[in-house]
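Asker: here is a sequence together with a model predicted from it:
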Amino acid sequence: MKKHSSTINPEKYGVPGNKYWLLLLVLLIPIFSIAQINPLADQYLINKFQMNPAIAGTERYSPVTISTRQQWVGFTKPPTTQAISFHTRIRAKNIRFTPKGFVNKGDRSFGNIGVGGGAFNYNYGAIAHTGIHLDYAYHVFIGNGKLGFGLAPVLYQFRLNKTGFILPDGNNTDPLISGAINESILFFDANVGMHYYDDTNYAGLSIIQLFQSGVQFGNFSFISEDHMSQNPDLARTIYTYYGKHLKLTGDITLEPSVYLKYNSRNGARFDVNTLAYFMETISTGVSFRYQEGLGILAGVRLDNLEFRYMFELPITSDMPNNFSTHQIMLRFVVGQPID
């Protein structure tokens, strides 16, 4: 593919003075992506199930979770994510997990099989990918807790919208420009994981996008001919984590956690988080993501309905400090209330 020199000043970060912004976004996304590991799985403080299919069926209720994330507010056409998910445990007689451990509860008990699924949509400038996933988990007793093993095949649709593309040198004969206005590719990938949990601890390991899918439209690859078809958002990502529930008083519980992450394109990161729960109704917390950002979370739940909001500021030098990120989650419990 013919190479072109750019006359756009990256420091202007998407000021929409002309039609160059679409091409600018395509060129800069691989650079900015170093400020995040995986845009969907990194929302684990909003919904852990998006990070590990083995979490399907680990809760004593069946949550439907709707979430949205808008990154880099102030940037023209910033990355946005929308997702919906559901998971539950297939019931079996005489087994149920409660905050005090596993006890017999007859007809309302849970079984060893967890199932779930969801859909998501991720957009950034001219590029978008939409997907659906089906999740299966099997849980076995390990001491006073359980260990779950999960698998989730994922169907992706990767799309490229070239409306408004104009090259900086005014030449519109590039193969990327001269093809169809909208192009899309369908392909499969998979997420796998394992998750341990008991009455106070949880830990796990997951691999997101196990097959590390590539995307190529004609002669155009996502980054360059040197790294044909390698999309950093579709690269394999490994998560390992540990968290603990600490009962401070009858009304206050702390949940410190640490997450180690490795992306085959973006390298290693780690997160340190602390959440606090008051009277099992109000939640608040802070998150530090190394080379990524600082976040503050607040939430409230009433019976079987929960709402959470998270605000993040980037700490990497690649992004201006005013380009904040907002996440909103709404969760509804099916079948029985959270309490």
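Answerer: Yes, it's here.
Asker: apart from its chain neighbours, what residue comes closest to residue 88?
Answerer: residue 62 (3.7 Å; Cβ to Cβ, 6 or more residues apart in numbering). The C-beta positions use only the backbone N, C-alpha and C, and glycine is treated the same way.
Asker: to what extent is the one you found buried, counted in neighbours?
Answerer: 17 (other Cβ atoms under 10 Å).
Asker: surely it meets residue 333?
Answerer: Yes. Using Cβ atoms under 8 Å, residue 62 is in contact with residue 333, at 6.7 Å.
Asker: can you give me the strands in the stretch 151-300 of the chain?
Answerer: 182-197, 201-208, 216-217, 220-221, 237-244, 246-247, 252-263, 267-278, 282-289, 293-302 (DSSP state E, counting those that start in this stretch).
Asker: run through the bridge partners of the residue nearest to residue 88.
Answerer: As for beta bridges, residue 62 partners with residue 334 under DSSP bridges.
Asker: dump the strands of the stretch 151-300 of the chain to JSON lines, plus mean pLDDT, distance to residue 73 and mean neighbour count.
Answerer: What follows is the strands of the stretch 151-300 of the chain, written out as JSON lines (pLDDT from 0 to 100; distance: least, Cβ to Cβ, whole Å; neighbours: other Cβ atoms under 10 Å):
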{"stretch": "strand 182-197", "mean pLDDT": "88", "distance to residue 73": "27", "mean neighbour count": "17"}
{"stretch": "strand 201-208", "mean pLDDT": "95", "distance to residue 73": "25", "mean neighbour count": "20"}
{"stretch": "strand 216-217", "mean pLDDT": "58", "distance to residue 73": "29", "mean neighbour count": "16"}
{"stretch": "strand 220-221", "mean pLDDT": "50", "distance to residue 73": "30", "mean neighbour count": "18"}
{"stretch": "strand 237-244", "mean pLDDT": "95", "distance to residue 73": "24", "mean neighbour count": "19"}
{"stretch": "strand 246-247", "mean pLDDT": "93", "distance to residue 73": "34", "mean neighbour count": "12"}
{"stretch": "strand 252-263", "mean pLDDT": "94", "distance to residue 73": "24", "mean neighbour count": "18"}
{"stretch": "strand 267-278", "mean pLDDT": "93", "distance to residue 73": "21", "mean neighbour count": "17"}
{"stretch": "strand 282-289", "mean pLDDT": "94", "distance to residue 73": "17", "mean neighbour count": "18"}
{"stretch": "strand 293-302", "mean pLDDT": "92", "distance to residue 73": "13", "mean neighbour count": "17"}
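Asker: so for residue 58, which of these sits nearest?
Answerer: strand 182-197 (5.6 Å; Cβ to Cβ).
Asker: and that closest one, which strands flank it?
Answerer: Note on strand 182-197: by DSSP bridges, its sheet partners are strand 145-161 (antiparallel), strand 201-208 (antiparallel).
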